[in-house]
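K.L.:
need a 3D model of the following:
(2 chains)
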Amino acid sequence: MSKFAENMIRKDAWTGLMMGNHALVRAMLESGVMVVSAYPGSPTPEIAAAIEIIPEEQRPIHFEWATNEKVATETAFGASINGHLSVVFFKSVGLNVALDSAVQLSMLDCTGGMVVVIGDDPGANSSQNEQDNRHAGRMMMMPIFEPGSPSETYTMFMEAAELSKKLKLPVLFRMTTHVCHARELVEFGPIPDFDYDWTPQYHAKGLEYWPITTAVFPLKRKAFAKLAAVEKHALSSPANRVISPNGSEAVNGRRLGVITHSIPAYSVLECLDRSGSPIDVLKLGITFPLNPEQIVDFLNAHDEVFILEELDRILESEIKAIAFDNKVTTKILVRPEVEHLMHEFVPQRVWDLFSGFWPECFEPQPARAEPAEEVSPRLAQMCPGCGHRSAFFAIRELIEEEFPDTITVADIGCHSLGSMKPYEMGTVLLCMGHSNGTAGGLAIGNDKRKVVCFIGDSTFFHAGLPGIINNVLYDRNVTLVVLENYTTAMTGHQPHAASGEIGDKIKIPEVLEALGVKFLRSVDAYMQDKLKDHMRDAMNHEGFGVVIAKHPCMLKFIRDKRKRAAATKNAQSVNR
Amino acid sequence: MKNYNIFICGVGGQGIGLLSEVLIQSCLAAGYAVLGVDTHGLAQRGGIVVSHLRIGTRDKLFTPRITPGEADLIVGLERLEAYRGIVNYMRDGGSCIYYDAEQQPIHVRMGMTDYPAISELEQAVAERHGKLERVFIEDLPDVRMQNTAVLGRIASFELVEGVTGDIIREQLLEISPAGARDANQRVFEQAMAART
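P.N.:
Below is the predicted model of the structure:
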């Protein structure tokens, strides 16, 4: 067992250097989590890596990759109503997929407790948007915990899990990219002796798990009552605290304060360390529901309070409403520009923002001169040997020569990179699995331009199937290219339904045949002439056609080969 | 002490994770507090990988990210990325230690932009009144050891007081996979001795 794994499961307290995602796993072990389900997506896959590194026989957590985020959520829910503390995790946009089920959960007693961990992505470091899932938390009626560091990830997860168990209410645990990937020393506690009781405890007396029409209202009332309990809890929670690093005094006769959350709170503290100004900070770890008493007390203790949040104006709106209802006269300051509703709040940006309001504390600094040197950009690109490269090259050549004006539709995965130079294949992109639906729409009433769309194999199962079925049913004039590489490559080679690592392979050609796809060809992506022939036939075919361009992910293929070679070498040395 | 900021940069697959892990553990072993963060959106696809390390005392460390223009040390594993690191992050009077590997991005391959010459790095560093240390080993046994070579060269300077070459070597050998330990040590010593 690796030293990392040994530390992860050691029973006593210890301190170690830990990434946010890994600190989360230790917190799960100390909280007695029994079931974890997920779909891979940056910035969260390292959570799975830290679970899977623990040898299975010593791992109290049952972990599995689900087909998509919705299934993962339902899996965790099922485990929770059976009495087992569960966790589901995925990236920011994964919550969109999960939402159809996730919106019901707070109305139902999650008896074992359930934590929904999301990796939001302010700055769009690895996502198609910066969506602020604190909105979704409100719609789902789930309390929101927002850690700002690996240490807080650890302590706040323990608190969130405990609260969830106590109230039987799912909790949204909102990490962000640079919380997930930050590293620091974290002080862990011991792992208690849990009995990990797998007895199925699901019990419905009546319609308490059946939220339909009039049955909804008593359940919704219950959810509101639980949120009221969280609101009370927020008042005494260590996650919400006032920090006064330079003491609290008036500045030019005005008492100044900041209300903030997550990483921006640390940016504020860094600025205060540089400035030395006696400004108080209310750092909110539980950002929904807010406790009005806590907010009003802080506002009333100050003449001016700046609300500094990352992304949307959520705390700003709610705090202003609380202030209005409570006749608070404190001047409330907020971010003035649309630009401030985007990107992350690193210290320099906080300083520049504050200096516009409180120049006596944050002396305005000249903007750093743009460096004179021009440095070539470096875009991510497909790996040497990647099958997608070959497929895009051949398909682009065919389209240029024989089908100019073809509209190409991209999807999510490594092959999204085909949209960039030099291939420029797939010029419209929304989200996982959109390509077939969007392509179908582009084909309506269109007898002039061909429509080609792409999808990867993990996405095929994740959210691709409904769009494919639609194209089969309406026999759309669309050519679908399935880029099959036998893994979920972009996020670090997680298994999927057709990779053969979980259960029996669900074979994509067989699925397509069963769905009634009339034109279906399959070819290795490096057999370019044959691929072009198939594509030509598919594009000339009236109606929906599918070409599977297959080639194993070379990165995974080479790594697996190295591992196998090392294993053989080890076995030989043992035999000697 | 004032925080010491190390900005590590390279291309996905070059082993920045291990390099930054060894440096963090070395600083911890020398009694410092450290905050770090990696940014690697699409790292495995030949994208840019960056790791920020901030070293100091716990009460003076808040966020792990380095403000542009405030890195004391740029550690590069590839020439273009080292150049980008110098241009965007090096403070006036800072240093850069980089492995002179060349991985041309698509823009250079397509003739849209130029790949920097060593002289451009020298000039950029000179304009910032800094120091540049190029690492390159002709007969490196495995390209995956470029990170080890850079660590060896870092170890030859005691850039942060108390973070000695011995501490860095010890942490490297602790973290290296058993099969690669001897080879790593040889490359480490070779790079350490070749300091200019």
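
K.L.:
contacts and neighbour counts: CA atoms only from here.
P.N.:
Fine.

K.L.:
and for the residue in the stretch 51-200 of chain A positioned nearest to chain B, the neighbour number?
P.N.:
Nearest to chain B, among the residues of the stretch 51-200 of chain A, is A:Ala182, at 4.1 Å (Cα to the nearest Cα). One way to gauge burial is a neighbour count; for A:Ala182, by other Cα atoms under 10 Å in any protein chain shown, it gives 27.

K.L.:
okay, it: pLDDT?
P.N.:
Note on A:Ala182: pLDDT of 97.

K.L.:
what residues are bridge-paired with it?
P.N.:
The partner list for A:Ala182 in beta bridges (DSSP bridges) reads B:Val37.

K.L.:
could you pull up the contacting residues of it?
P.N.:
Taking Cα atoms under 8 Å, 6 or more residues apart in numbering or on different chains as the contact definition, A:Ala182 lies against A:Met19, A:Gly20, A:Ser149, A:Pro150, B:Leu35, B:Gly36, B:Val37, B:Asp38, B:Pro64.

K.L.:
what do you get if the cut-off is 7 Å, keeping everything else the same?
P.N.:
A:Met19, A:Gly20, A:Ser149, A:Pro150, B:Gly36, B:Val37, B:Asp38, B:Pro64 (Cα atoms under 7 Å, 6 or more residues apart in numbering or on different chains).

K.L.:
repeat that for A:Gly413.
P.N.:
A:Gly413 sits next to A:Gly456, A:Met490 when contact means Cα under 7 Å, 6+ apart.

K.L.:
distance of it relative to chain B?
P.N.:
Using Cα to the nearest Cα, to the nearest Å, one gets 10 Å for the distance from A:Gly413 to chain B.

K.L.:
relative to A:His434, how far out is that residue?
P.N.:
Counting by Cα to Cα, to the nearest Å, the gap between A:Gly413 and A:His434 amounts to 12 Å.

K.L.:
same deal with A:Gly356?
P.N.:
With the distance defined as Cα to Cα, A:Gly356 ends up 43 Å from A:His434.

K.L.:
looking at the two, which is more packed in?
P.N.:
Using other Cα under 10 Å, the more surrounded residue of A:Gly356 and A:His434 is A:His434, with 24 against 13.

K.L.:
restricting to C-alpha, output stretch A:91-105 in CSV.
P.N.:
Coordinates of the C-alpha atoms in stretch A:91-105 are reproduced here as CSV (Å, rounded to 0.1, in the frame of the first residue of the first chain):
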residue,chain,number,x,y,z
LYS,A,91,-18.0,19.4,-11.7
SER,A,92,-20.0,22.6,-11.9
VAL,A,93,-22.0,21.9,-15.1
GLY,A,94,-22.6,18.4,-13.9
LEU,A,95,-25.2,19.8,-11.6
ASN,A,96,-27.2,20.8,-14.7
VAL,A,97,-27.4,17.1,-15.6
ALA,A,98,-28.2,16.1,-12.0
LEU,A,99,-30.8,18.8,-11.4
ASP,A,100,-33.9,16.9,-12.5
SER,A,101,-33.5,14.5,-9.5
ALA,A,102,-31.5,16.9,-7.3
VAL,A,103,-34.3,19.4,-7.0
GLN,A,104,-36.6,16.9,-5.2
LEU,A,105,-34.1,15.7,-2.6
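
K.L.:
that stretch and chain B in contact?
P.N.:
No - against chain B, stretch A:91-105 shows no contacts by Cα under 7 Å from any Cα of the partner chain, the least distance being 12.4 Å.

K.L.:
how far does that stretch sit from its chain's centre?
P.N.:
With Cα atoms, centre = their mean, to the nearest Å as the basis, stretch A:91-105 stands 11 Å off its chain's centre.

K.L.:
for it, buried residues please.
P.N.:
The neighbour-count criterion (16 or more other Cα atoms under 10 Å in any protein chain shown) identifies A:91-99, A:102-105 as the buried residues of stretch A:91-105.

K.L.:
and residue 129, how many neighbours?
P.N.:
Using chain A. Per other Cα under 10 Å, the neighbour tally for A:Asn129 reads 16.

K.L.:
wrong one, I was asking about chain B
P.N.:
Per other Cα under 10 Å, the neighbour tally for B:His129 reads 14.

K.L.:
again, but for the one 3 residues further on
P.N.:
Residue neighbour count, defined by other Cα under 10 Å, stands at 20 for B:Leu132.

K.L.:
so it bridges to which residues?
P.N.:
The bridge-partner assignment for B:Leu132, based on DSSP bridges, gives B:Cys96.

K.L.:
spit out the contact partners of the residue nearest to the spatial centre of chain A.
P.N.:
Of all residues in chain A, the one closest to the mean position by Cα atoms, centre = their mean is A:Lys91, 1.0 Å from it. Under the criterion of Cα under 7 Å, 6+ apart, the contact list for A:Lys91 reads A:Gly41, A:Ser42, A:Pro43, A:Thr44, A:Ile118, A:Gly119, A:Asp120.

K.L.:
same check on B:Asn147?
P.N.:
Contact criterion Cα under 7 Å, 6+ apart gives B:Gly15, B:Leu19, B:Leu77 as the residues in contact with B:Asn147.

K.L.:
what do you get if the cut-off is 8 Å, keeping everything else the same?
P.N.:
B:Asn147 makes contact with B:Gln14, B:Gly15, B:Ile16, B:Leu18, B:Leu19, B:Leu77, B:Tyr99, according to Cα under 8 Å, 6+ apart.

K.L.:
neighbours of B:Ala191, how many?
P.N.:
Neighbours of B:Ala191 (other Cα under 10 Å): 23.

K.L.:
same question for A:Lys507.
P.N.:
A:Lys507: 12 neighbours (other Cα under 10 Å).

K.L.:
same check, this time on the one 4 residues further on
P.N.:
For A:Val511, the number of neighbouring residues by other Cα under 10 Å comes to 12.

K.L.:
what helices or strands is whichever strand or helix holds it leaning on?
P.N.:
With the criterion set as DSSP states H and E, the secondary-structure element containing A:Val511 is helix A:508-515. Contacts defined by 3 or more Cα pairs under 8 Å, 6 or more residues apart in numbering or on different chains; DSSP states H and E place helix A:508-515 against strand A:519-524.

K.L.:
just the C-alphas of the strand it packs on, formatted as CSV.
P.N.:
Listed next in CSV are the C-alpha coordinates belonging to strand A:519-524 (Å, rounded to 0.1, in the frame of the first residue of the first chain):
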residue,chain,number,x,y,z
PHE,A,519,-26.3,3.5,-42.0
LEU,A,520,-23.5,2.3,-39.8
ARG,A,521,-19.8,1.9,-40.5
SER,A,522,-16.9,1.4,-38.3
VAL,A,523,-13.2,1.9,-39.0
ASP,A,524,-9.9,2.6,-37.3
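
K.L.:
pretty sure A:Ile118 is in a helix, no?
P.N.:
No - counting by DSSP: H, G, I helix; E, B strand; the rest coil, A:Ile118 is located in no helix; its state is strand.

K.L.:
beta partners for it?
P.N.:
Partner residues in beta bridges with A:Ile118, using DSSP bridges, are A:Phe90, A:Arg174.

K.L.:
who in chain B is up against chain A?
P.N.:
Counting by Cα under 8 Å from any Cα of the partner chain, chain B comes close to chain A at B:25, B:34-39, B:41-48, B:60-65, B:67, B:80, B:83-84, B:87-88, B:105-108, B:110, B:113-116, B:124.

K.L.:
now the end-to-end length of stretch A:372-379.
P.N.:
Using Cα to Cα, the end-to-end distance of stretch A:372-379 comes out at 21 Å.

K.L.:
list the buried residues of it.
P.N.:
Buried residues in stretch A:372-379 (16+ other Cα under 10 Å): A:Val375, A:Ser376, A:Arg378, A:Leu379.

K.L.:
how far does it sit from its chain's centre?
P.N.:
Relative to its chain's centre, stretch A:372-379 lies at 30 Å (Cα atoms, centre = their mean).

K.L.:
list of residues touching that stretch?
P.N.:
Applying Cα under 8 Å, 6+ apart, the set of residues contacting stretch A:372-379 from outside is B:46-48, B:80, B:83-84, B:87, B:105-108, B:113-116, B:124.

K.L.:
backbone torsions only: list them for residue 93.
P.N.:
In the absence of a named chain, this looks at chain A. As for A:Val93, its main-chain torsions (degrees, to the nearest 10) stand at phi -70, psi -10.

K.L.:
hm, I was asking about chain B
P.N.:
Here is the backbone geometry of B:Gly93 (degrees, to the nearest 10): phi 90, psi 10.
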